[in-house]
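Visitor: only geometry, no sequence info:
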(Lines give C-alpha, C1' and ligand atoms only; values in the text may rest on other atoms or scores of the structure.)
Protein backbone atom coordinates (compact mmCIF):
# COMPACT_ATOMS: atom_id res chain seq x y z
CA UNK A 1 0.00 0.00 0.00
CA UNK A 2 0.84 3.66 -0.28
CA UNK A 3 2.78 5.31 2.54
CA UNK A 4 1.35 8.50 4.02
CA UNK A 5 3.91 10.59 5.87
CA UNK A 6 2.83 13.23 8.38
CA UNK A 7 5.06 15.20 10.74
CA UNK A 8 4.27 17.86 13.33
CA UNK A 9 6.24 20.29 15.47
CA UNK A 10 5.46 23.25 17.69
CA UNK A 11 8.60 25.15 16.59
CA UNK A 12 8.18 27.14 13.34
CA UNK A 13 11.85 26.71 12.34
CA UNK A 14 11.57 22.93 12.79
CA UNK A 15 8.39 22.90 10.68
CA UNK A 16 10.13 24.78 7.84
CA UNK A 17 13.11 22.40 7.96
CA UNK A 18 10.87 19.30 8.06
CA UNK A 19 8.84 20.58 5.09
CA UNK A 20 12.03 20.79 3.00
CA UNK A 21 13.02 17.28 4.09
CA UNK A 22 9.73 15.47 3.49
CA UNK A 23 8.50 17.36 0.41
CA UNK A 24 10.37 15.02 -1.99
CA UNK A 25 8.43 12.08 -0.48
CA UNK A 26 5.02 13.76 -0.62
CA UNK A 27 4.96 14.14 3.16
CA UNK A 28 2.97 16.79 5.00
CA UNK A 29 4.22 18.79 7.97
CA UNK A 30 1.79 20.34 10.44
CA UNK A 31 2.51 23.18 12.85
CA UNK A 32 1.12 22.83 16.37
CA UNK A 33 1.28 21.09 19.71
CA UNK A 34 1.51 17.29 19.62
CA UNK A 35 -1.72 15.59 18.45
CA UNK A 36 -3.59 18.91 18.13
CA UNK A 37 -1.43 19.58 15.05
CA UNK A 38 -2.52 16.43 13.20
CA UNK A 39 -5.41 16.13 10.76
CA UNK A 40 -8.44 14.58 12.50
CA UNK A 41 -8.74 12.04 9.65
CA UNK A 42 -5.61 10.28 10.95
CA UNK A 43 -7.27 9.23 14.22
CA UNK A 44 -7.16 5.44 14.58
CA UNK A 45 -5.14 5.05 11.35
CA UNK A 46 -1.49 5.57 12.33
CA UNK A 47 0.73 2.49 11.97
CA UNK A 48 4.00 4.02 13.20
CA UNK A 49 4.10 7.02 15.52
CA UNK A 50 7.64 8.20 16.31
CA UNK A 51 7.72 11.01 18.86
CA UNK A 52 10.92 12.92 19.57
CA UNK A 53 9.94 14.38 22.94
CA UNK A 54 12.06 16.45 25.33
CA UNK A 55 13.16 14.32 28.30
CA UNK A 56 15.58 16.48 30.27
CA UNK A 57 14.28 17.28 33.76
CA UNK A 58 13.78 21.05 34.17
CA UNK A 59 16.44 21.25 36.89
CA UNK A 60 19.06 19.61 34.66
CA UNK A 61 18.67 21.72 31.48
CA UNK A 62 21.45 24.00 32.77
CA UNK A 63 23.81 21.02 33.00
CA UNK A 64 23.59 20.20 29.30
CA UNK A 65 26.57 20.85 27.01
CA UNK A 66 26.66 24.45 25.78
CA UNK A 67 26.00 23.42 22.16
CA UNK A 68 22.70 21.83 23.17
CA UNK A 69 21.60 24.78 25.33
CA UNK A 70 22.63 27.38 22.76
CA UNK A 71 21.26 25.77 19.61
CA UNK A 72 18.17 23.90 20.77
CA UNK A 73 15.00 25.74 21.76
CA UNK A 74 14.09 25.16 25.43
CA UNK A 75 10.81 23.54 24.37
CA UNK A 76 12.87 20.81 22.66
CA UNK A 77 14.81 20.01 25.85
CA UNK A 78 12.70 20.64 28.96
CA UNK A 79 10.58 17.61 29.83
CA UNK A 80 9.20 18.92 33.14
CA UNK A 81 10.04 18.04 36.72
CA UNK A 82 11.07 14.41 36.09
CA UNK A 83 11.64 14.88 32.36
CA UNK A 84 8.66 12.73 31.36
CA UNK A 85 5.74 15.21 31.19
CA UNK A 86 5.55 15.25 27.38
CA UNK A 87 6.25 11.52 27.07
CA UNK A 88 3.29 10.83 29.38
CA UNK A 89 1.07 13.16 27.33
CA UNK A 90 2.07 11.39 24.10
CA UNK A 91 1.57 7.91 25.63
CA UNK A 92 -1.89 8.86 26.92
CA UNK A 93 -3.01 10.28 23.58
CA UNK A 94 -1.44 7.68 21.30
CA UNK A 95 -4.08 4.90 21.56
CA UNK A 96 -6.69 7.19 19.95
CA UNK A 97 -4.41 7.81 16.96
CA UNK A 98 -2.82 4.39 16.48
CA UNK A 99 -4.37 1.80 14.21
CA UNK A 100 -4.89 -1.62 15.83
CA UNK A 101 -1.39 -3.12 15.97
CA UNK A 102 0.14 0.34 15.41
CA UNK A 103 3.18 1.27 17.46
CA UNK A 104 4.52 4.30 19.31
CA UNK A 105 8.30 4.80 19.57
CA UNK A 106 9.88 7.29 21.98
CA UNK A 107 13.53 7.73 23.02
CA UNK A 108 14.30 8.31 26.68
CA UNK A 109 17.26 8.07 29.04
CA UNK A 110 18.32 4.83 30.70
CA UNK A 111 17.48 6.31 34.11
CA UNK A 112 13.93 7.19 33.03
CA UNK A 113 13.26 3.90 31.25
CA UNK A 114 11.25 2.21 34.04
CA UNK A 115 8.98 5.26 34.48
CA UNK A 116 8.57 5.64 30.72
CA UNK A 117 7.60 1.97 30.37
CA UNK A 118 5.09 2.45 33.19
CA UNK A 119 3.57 5.47 31.40
CA UNK A 120 3.11 3.44 28.20
CA UNK A 121 1.60 0.52 30.11
CA UNK A 122 -0.78 2.84 31.99
CA UNK A 123 -1.98 4.16 28.62
CA UNK A 124 -2.97 0.58 27.71
CA UNK A 125 -0.13 -0.09 25.29
CA UNK A 126 1.69 -3.44 25.08
CA UNK A 127 5.13 -2.20 26.04
CA UNK A 128 8.76 -3.21 25.65
CA UNK A 129 12.03 -1.33 25.42
CA UNK A 130 15.01 -1.58 23.11
CA UNK A 131 18.58 -0.29 23.23
CA UNK A 132 20.68 0.72 20.25
CA UNK A 133 24.39 0.40 21.01
CA UNK A 134 25.15 2.17 17.75
CA UNK A 135 23.39 5.39 18.79
CA UNK A 136 23.42 4.86 22.60
CA UNK A 137 19.63 5.22 22.53
CA UNK A 138 16.98 3.74 24.80
CA UNK A 139 13.63 3.45 23.03
CA UNK A 140 10.26 2.61 24.53
CA UNK A 141 7.94 0.78 22.13
CA UNK A 142 4.21 0.63 22.76
CA UNK A 143 1.78 -1.32 20.57
CA UNK A 144 -1.97 -0.73 20.49
CA UNK A 145 -3.72 -4.05 20.91
CA UNK A 146 -6.14 -5.22 18.25
CA UNK A 147 -9.07 -5.12 20.66
CA UNK A 148 -11.25 -2.01 20.46
CA UNK A 149 -9.71 0.84 22.46
CA UNK A 150 -12.11 3.29 24.08
CA UNK A 151 -15.10 1.47 22.63
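Guide: Happy to help now that I have it. Because the structure is predicted, anything quoted here is derived from the model rather than measured.

Visitor: which parts of this protein are helices?
Guide: 12-22, 66-71, 85-97, 113-122 (DSSP state H).

Visitor: out of the ones you listed, nearest to residue 40?
Guide: Taking CB to CB, helix 85-97 is the member of the helices of the chain nearest to residue 40, at 10.1 Å. Using the backbone N, CA and C atoms, a C-beta is placed for each residue, glycine as well.

Visitor: for the closest one, what is the average pLDDT?
Guide: Averaging pLDDT along helix 85-97 yields 97.

Visitor: measure how that helix sits relative to helix 113-122, angle-wise.
Guide: Computed by axes from the mean of the first three to the mean of the last three CA atoms, to 10 degrees, the angle separating helix 85-97 from helix 113-122 equals 30 degrees.

Visitor: which residues are in contact with helix 85-97?
Guide: 34-35, 38, 42-46, 49, 51, 53-55, 79-80, 104, 106, 108, 116, 119-120, 122-125, 140, 142, 144, 149-150 (CB atoms under 8 Å, 6 or more residues apart in numbering).

Visitor: for stretch 55-69, same thing?
Guide: Contacts for stretch 55-69 (CB under 8 Å, 6+ apart): 74, 77-84, 86-87, 107-109, 112.

Visitor: now do the end-to-end distance for it.
Guide: End-to-end distance for stretch 55-69, by CA to CA, to the nearest Å: 14 Å.

Visitor: any low-confidence regions in this structure?
Guide: Flagging of the chain using pLDDT under 70 yields the residue ranges 147-151.

Visitor: find the residue at the geometric middle of it.
Guide: Closest to where the C-alpha atoms of the chain average out (CA atoms, centre = their mean) is residue 51, at 1.6 Å.
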